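J.: Okay, predicted coordinates and the sequence, questions at the end:
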Amino acid sequence: MTEETKKSGSNVAPLRAPRPCPECGRPSHREHYPFCSDRCRNVDLNRWLSGSYAIPVADDESKADDDDR
């Protein structure tokens, strides 16, 4: 990599606003956005795959169906 390439790369504006990592709160990195590291990304993926994240549903499905009519 030449000096000119290094300098021009540093002038590139970020595509997204910086945000804290949703897992640990540290600043996010471009390679792992919106996470700060591969570890935090994998922790979040594990929560999705294990069913920790779920959309709440009504306990009584027949009652929910009657509301739509």
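T.: That came in fine, so what should we check first? Residues are numbered from 1 along each chain as shown.
J.: Now tell me what touches the longest helix seen in the chain from outside.
T.: If you go by DSSP state H, the chain has its longest helix at helix 38-50. With CB atoms under 8 Å, 6 or more residues apart in numbering as the test, helix 38-50 has contacts from Cys21, Pro22, Glu23, Cys24, His32, Phe35, Tyr53. Heads up, the C-betas are built off the backbone N, CA and C, glycines and all.
J.: if you set the cut-off to 6 Å instead, what comes out?
T.: Cys21, Glu23, Cys24, His32, Phe35, Tyr53 (CB atoms under 6 Å, 6 or more residues apart in numbering).
J.: would you put the C-alpha positions of stretch 53-63 in CSV?
T.: Extracted in CSV, the C-alpha atoms of stretch 53-63 (Å, rounded to 0.1, in the frame of the first residue of the first chain):
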residue,chain,number,x,y,z
TYR,A,53,-35.4,-13.4,21.2
ALA,A,54,-39.0,-14.0,20.5
ILE,A,55,-42.0,-12.0,19.4
PRO,A,56,-44.7,-12.0,22.1
VAL,A,57,-48.0,-13.6,21.2
ALA,A,58,-51.5,-13.5,22.8
ASP,A,59,-52.2,-16.3,25.3
ASP,A,60,-55.7,-16.7,23.9
GLU,A,61,-55.6,-17.0,20.1
SER,A,62,-59.4,-17.1,19.7
LYS,A,63,-59.7,-13.8,21.5
